[in-house]
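1. Build me a model from this:
(one chain, ligands or ions: 1)
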Amino acid sequence: MFDSLKDKLGSFREDVEETAEEKAAEAESEDAAAEAEAVEETEDDAAEADAGAADSDAADAKAAAAAARSDATQPEGDDAEHGAETEIEADAGESTDAEASSDADEYGGADVAGAVTDTVAEDEEDGGPGFAKRAKSFATGQTVIEEEDLEAPLEELEMALLQSDVEFSVAQEIMATLREELVGETHRFTKSTTGVVQRALKNALLEVISVGQFDFDERVAEADKPLTIVFTGVNGVGKTTSIAKMARYFEERGLSTVLANGDTYRAGANEQIEEHAEALDKKIITHEQGGDPAAVIYDAVEYAEANDVDVVLGDTAGRLHTSDDLMEQLSKIDRVVDPDMTLFVDEAVAGQDAVQRAKQFNDAAEIDGAVLTKADADAQGGAAISIAHVTGKPILFLGTGQGYDDIEPFDPEELVDRLLGIDG
Ligand SMILES: Nc1nc2c(ncn2[C@@H]2O[C@H](COP(=O)(O)OP(=O)(O)OP(=O)(O)O)[C@@H](O)[C@H]2O)c(=O)[nH]1
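-> I've put the predicted structure just below:
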């Protein structure tokens with residue numbers, strides 16, 4: 001399920017990790033070079049100081065020491081005698097590496113604080129604060145992810161999401177969250193880059209997938225009975241099969257059901273749902289082809305009330321002469337039956353088409369959630385990622401096969417973990 005999308009998300013993670021590791025290696029070699037440079041400068045200073053001391057009296061030496069101390073606390077000082085220290089500071093001030101290690105302070109833990117104290121102490125002996133910053137970056141092994149590091153991997157991920165049929169605005173939202181979460185994020189050079197990128201991906205995906213999510217079982221348990229659920233969506237996507245699967249689902253939770261065939265338009269619709277009802281040993285209410293779908297579902301509600309049935313599952317037509325007819329029919333069902341829930345059914349494999357249909361159906365007859373069928377046959381995952389964000393209504397179930405048990409309550413976190421290869 002969603003294997004192609006899974007691969008693409010994995011590639012993004014690897015790209016960012018690779019960029020971060022290259023950057024880390026660069027930072028490390030710059031640190032080493034800076035350290036060598038600072039040691040060299042310090043040795044030169046020491047040699048100069050020795051020569052000076054030989055030529056001067058005790059009072060002069062005392063004055064030079066006092067000047068050196070004041071220079072250390074005011075590194076911008078331009079005292080010619082201490083040109084060497086001033087140069088080190090100017091160097092470090094221009095270095096992005098020094099900036100990165102300074103930012104790293106905000107994210108560092110106790111060990112970072114320890115490293116800072118150590119290097120500041122060394123700093124007073126060995127050189128300017130620039131050296132301290134470089135040494136700290138080297139010692140703590142931390143660096144910061146910058147916007148430019150993400151540019152290429154994000155661009156590739158955006159392409160990959162669009163190719164996976166993720167809706168454009170949803171892909172944009174995912175990009176924005178990743179940028180927000182990752183830019184400025186500090187990470188240890190090699191060990192925890194994976195954690196940082198994985199966490200950002202998880203948050204970005206969850207944010208779009210879990211829009212409007214609610215606990216379906218809890219809502220059913222709390223509702224007055226009979227509870228009426230009407231299923232909408234175009235023909236052929238697995239609507240009737242999903243109704244049959246839901247009858248099994250409720251039975252397993254101790255709830256009785258009656259089926260109603262509100263698809264009075266299509267020839268053969270009665271026979272199709274009757275087959276399922278027979279296989280599942282459920283009561284079915286049907287009318288003649290061409291009858292009023294609202295009347296069929298109304299009759300099923302009356303039957304449920306009279307026979308203490310918990311849930312009415314109403315099928316509807318998916319295609320009429322015009323979409324106006326279809327929407328008019330759905331709004332008549334709304335008026336006459338006033339269902340407790342309207343669930344939109346579509347197939348995951350339809351990708352963007354499923355997303356657009358979900359939006360149209362929701363606009364015409366407000367849905368409470370979606371059932372996404374044939375997820376078992378979908379490598380892309382675009383519809384699963386996009387529907388909730390586009391409609392504001394959650395996916396509640398995934399169809400995962402042709403059998404009556406092949407339906408899973410939709411859990412956004414579980415899906416994201418699956419996509420990111422996180423073991424549950
Ligand atoms: N692989 C797979 N096949 C499914 C799934 N759900 C339904 N199908 C198959 O999809 C085909 C169409 O399903 P139907 O239930 O007849 O489609 P429908 O939307 O009800 O069609 P209408 O009754 O015309 O509205 C059938 O062969 C189902 O077995 C699913 O989750 N996975």
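
2. So which bits of the stretch 201-350 of the chain are right by the ligand?
-> 235-241, 266, 269, 272, 318 (Cβ under 6 Å from any ligand atom). C-beta: built from backbone N, CA, C; applies to glycine.

3. at 5 Å what do you get?
-> 235-241, 318 (Cβ under 5 Å from any ligand atom).

4. which pair in those spans the largest distance?
-> Spanning the widest gap among these are 241 and 318, at 12.9 Å by Cβ to Cβ.

5. before we move on, back to that, now, the residues of the stretch 201-350 of the chain next to the ligand that are in helices?
-> Secondary structure from DSSP state H places 239-241 of these in helices.

6. Tell me where the stretch 301-424 of the chain has strands.
-> Ranges of strands in the stretch 301-424 of the chain, per DSSP state E, counting those that start in this stretch, are 311-316, 341-347, 369-373, 395-399, 407-409.

7. can you pick the most crowded of the ones in helices among the residues of the stretch 201-350 of the chain next to the ligand?
-> residue 239 (26 neighbours; other Cβ atoms under 10 Å).

8. give me the number of residues near the closest residue to the ligand within the stretch 51-200 of the chain?
-> Nearest to the ligand in the stretch 51-200 of the chain, going by Cβ to the nearest ligand atom, is residue 165, at a distance of 17.5 Å. By other Cβ under 10 Å, 23 other residues sit near residue 165.

9. can you check the one 10 residues further on too?
-> As a burial measure, residue 175 scores 17 neighbours (other Cβ under 10 Å).

10. ok now do it, which residues does it touch?
-> By Cβ atoms under 8 Å, 6 or more residues apart in numbering, the contact list for residue 175 reads 154, 157-158.

11. Which of these fall in helices?
-> Going by DSSP H, the helices hold 154, 157-158 from the contacts of residue 175.

12. Tabulate these (a markdown table), appending pLDDT.
-> Output for the ones in helices among the contacts of residue 175, formatted as a markdown table (pLDDT from 0 to 100):
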| residue | pLDDT |
| --- | --- |
| 154 | 92 |
| 157 | 94 |
| 158 | 95 |
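
13. The residue of the stretch 301-424 of the chain found nearest the ligand pairs with what?
-> For the stretch 301-424 of the chain, the residue closest to the ligand is residue 399, as judged by Cβ to the nearest ligand atom, at 2.6 Å. Beta-bridge partners for residue 399, by DSSP bridges, are residue 407.

14. Quick check: which ranges of the stretch 251-400 of the chain have low pLDDT?
-> Along the stretch 251-400 of the chain, the model assigns pLDDT under 70 to residues 320-321.

15. Now do the helices in it.
-> Under the criterion DSSP state H, counting those that start in this stretch, the stretch 251-400 of the chain contains helices at 269-280, 293-307, 323-337, 352-364, 382-391.

16. Point out the most buried one among these.
-> helix 382-391 (a mean of 26; mean count of other Cβ atoms under 10 Å).

17. Just give me how far it sits from the chain centre.
-> For helix 382-391, the distance from its own C-alpha centre to the chain's C-alpha centre is 13 Å (Cα atoms, centre = their mean, to the nearest Å).

18. Could you list every helix and strand that that helix packs against?
-> Applying 3 or more Cβ pairs under 8 Å, 6 or more residues apart in numbering; DSSP states H and E, one finds that helix 382-391 makes contact with helix 168-182, helix 193-209, strand 341-347, helix 352-364, strand 369-373, strand 395-399.

19. Dump these into a markdown table; add distance to residue 220 as well.
-> Output for those, formatted as a markdown table (distance: least, Cβ to Cβ, whole Å):
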| stretch | distance to residue 220 |
| --- | --- |
| helix 168-182 | 28 |
| helix 193-209 | 22 |
| strand 341-347 | 9 |
| helix 352-364 | 21 |
| strand 369-373 | 12 |
| strand 395-399 | 11 |
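
20. element containing the nearest residue in space to residue 168 that is not next to it in sequence?
-> Spatially, and ignoring its direct neighbours in sequence, residue 168 is nearest to residue 162 (6.9 Å; Cβ to Cβ, 6 or more residues apart in numbering). Assigned by DSSP states H and E, residue 162 belongs to helix 147-163.

21. residues making contact with that helix?
-> Contacts for helix 147-163 (Cβ under 8 Å, 6+ apart): 5, 8-9, 11-12, 15-16, 19-20, 23, 168, 170-171, 174-175, 178-179, 182-183, 382, 385.

22. Emit the PyMOL select command for whichever of those are buried.
-> Listed next is the PyMOL selection for buried residues among the contacts of helix 147-163, using 16 or more other Cβ atoms under 10 Å:
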select buried, resi 5+8+9+12+15+16+19+20+23+170+171+174+175+178+179+182+382+385
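
23. filter the contacts of helix 147-163 by proximity to the ligand?
-> Contacts with the ligand within these, counted by Cβ under 5 Å from any ligand atom: none were found.

24. ok, now which ones touch residue 260?
-> Counting by Cβ under 8 Å, 6+ apart, residue 260 has contacts 284-286, 296-297, 299-300, 312-315.

25. same thing but 6 Å
-> Shown in contact with residue 260 (Cβ atoms under 6 Å, 6 or more residues apart in numbering): 285, 296-297, 300, 314.

26. Looking at those, which is nearest the ligand?
-> Among the contacts of residue 260, and counting by Cβ to the nearest ligand atom, the member closest to the ligand is residue 314, at 12.5 Å.

27. thought the closest one was touching residue 263?
-> No: using Cβ atoms under 6 Å as the test, residue 314 is too far from residue 263 to be in contact (9.5 Å).

28. Need the strands of the stretch 301-424 of the chain in a markdown table (columns: mean neighbour count).
-> As requested, the strands of the stretch 301-424 of the chain are exported to a markdown table (neighbours: other Cβ atoms under 10 Å):
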| stretch | mean neighbour count |
| --- | --- |
| strand 311-316 | 27 |
| strand 341-347 | 26 |
| strand 369-373 | 27 |
| strand 395-399 | 25 |
| strand 407-409 | 17 |
